[in-house]
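> Sequence first, predicted model second:
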Amino acid sequence: MKRSRHWVRIGLALVGAVLLGDAVALMGMGLFSLGITLPGGIGIAFLLLALCWDGVARWRKADRRRELLWRAGWVAFGVWLVTVGVFFYGIRSGMGVSVPAGTSVKAIVVLGSGTPNCEASPTLIARLDQGLVQARRWPEAKVVVSGGQDFGLRCVEADIMADYLIARGIAADKVIREGRSTSTEENLVFSRRLLEGQGVDAAGAIVVVTSDFHVRRAVGIARKAGFGEAFGMGAETPLYLRFNAWLREYFAAISSWALREY
């Protein structure tokens with residue numbers, strides 16, 4: 001029994017150190033989200049539990065109700081991990097579909113993802129590069145870059161996105177800057193309004209470019225926002241950030257569902 005407890009403590013300490021180290025590294029890069037801070041918090045809890053294992057064991061075994069609460073907490077945590085795993089599997093199976101041949105795409109909407117230090121992040125660069133691919137495939141389509149001003153920054157994400165595309169050959173008069181949005185819903189509602197102001201019919205086909213984990217929700221929100229036919233194209237999320245971003249999307253999907261955004 002003592003030997004098994006010893007290995008449990010080592011396992012908790014190792015997992016906790018990895019989770020906390022990952023969170024600290026990403027926050028040191030200027031990245032903050034629930035998908036980063038939550039694993040960091042779990043890592044701290046695991047490290048504390050490994051350190052205070054004997055004291056916690058005495059506390060919970062002193063009262064049967066505490067023991068039941070302890071077991072219920074671990075069961076709930078396990079069930080939550082299963083739901084996260086199912087969600088991650090769903091992300092992998094819904095990262096975008098090809099636009100059918102012969103479809104006339106009138107607009108490409110590239111969604112922002114944050115600009116720490118007023119620079120395009122690797123995630124945003126991946127989206128913009130995917131936007132370049134789509135813009136070259138549909139040379140007559142308008143390209144909307146959608147992203148507002150991050151808290152505490154003076155730059156507007158849409159301007160950084162537009163400059164990136166224009167520097168790589170997209171004509172400036174094709175690029176529409178949507179720089180007011182603060183959420184995916186606003187990204188798409190405001191983009192639709194700007195496109196309609198340019199004479200683009202929202203009932204026509206558009207391509208929404210975002211990260212792989214975000215495709216399914218973004219397309220659903222686009223349809224709710226008034227676009228008649230929306231196709232999602234996912235850009236690969238950098239590996240070092242992938243599972244943190246997917247975890248953030250887990251909570252964002254729940255929030256969007258509760259708010260009836262799609």
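Nice, I can see it. Numbering: from 1, shown residues only.
> element containing Arg193, please.
Here Arg193 sits within helix 184-197, counting by DSSP states H and E.
> Check Arg177 too.
strand 175-178.
> picking that back up, now tell me what touches the helix holding Arg193 from outside.
For helix 184-197, contacts defined as CB atoms under 8 Å, 6 or more residues apart in numbering pick out 106-107, 109, 111-112, 142, 144, 146-148, 176, 178, 180-181, 202, 206, 208, 214, 217-218, 221-222, 224-227, 252, 256, 261. (C-beta placed from N, C-alpha, C; glycine too.)
> for the strand holding Arg177, the distance to its chain's centre please.
22 Å (CA atoms, centre = their mean, to the nearest Å).
> related to what we said a few turns ago, after the helix holding Arg193, next one along is what?
Trace forward from helix 184-197 with DSSP H and E and the next one is strand 205-211.
> Please name every helix or strand in contact with the very next helix or strand once past that next one.
Later in the chain than strand 205-211, the nearest helix or strand by DSSP H and E is helix 215-224. Applying 3 or more CB pairs under 8 Å, 6 or more residues apart in numbering; DSSP states H and E, we find helix 215-224 packed against helix 184-197, strand 205-211, strand 229-235, helix 239-258.
> how far away is Val200 from Ala171?
Noted for Val200: a distance of 16 Å to Ala171, by CB to CB, to the nearest Å.
> Who has more neighbours out of these two?
Val200 (19 against 11; other CB atoms under 10 Å).
> hang on, the earlier thing: using neighbour counts, pick out the buried residues of the helix holding Arg193.
For helix 184-197, burial by neighbour count (16 or more other CB atoms under 10 Å) applies to 184-192, 194-195.
> Can you tell me which of the residues you listed comes closest to Leu239?
Thr184 (23.2 Å; CB to CB).
> Excluding sequence neighbours, find me the nearest residue to Thr37.
What sits nearest to Thr37 in space, not counting adjacent residues and going by CB to CB, 6 or more residues apart in numbering, is Ala23, at 6.5 Å.
> How much space separates the one you found from Leu34?
For Ala23, the distance to Leu34 - CB to CB - is 11 Å.
> Show the end-to-end separation of stretch 198-208, please.
Start to finish, the residues bounding stretch 198-208 are 18 Å apart (CA to CA, to the nearest Å).
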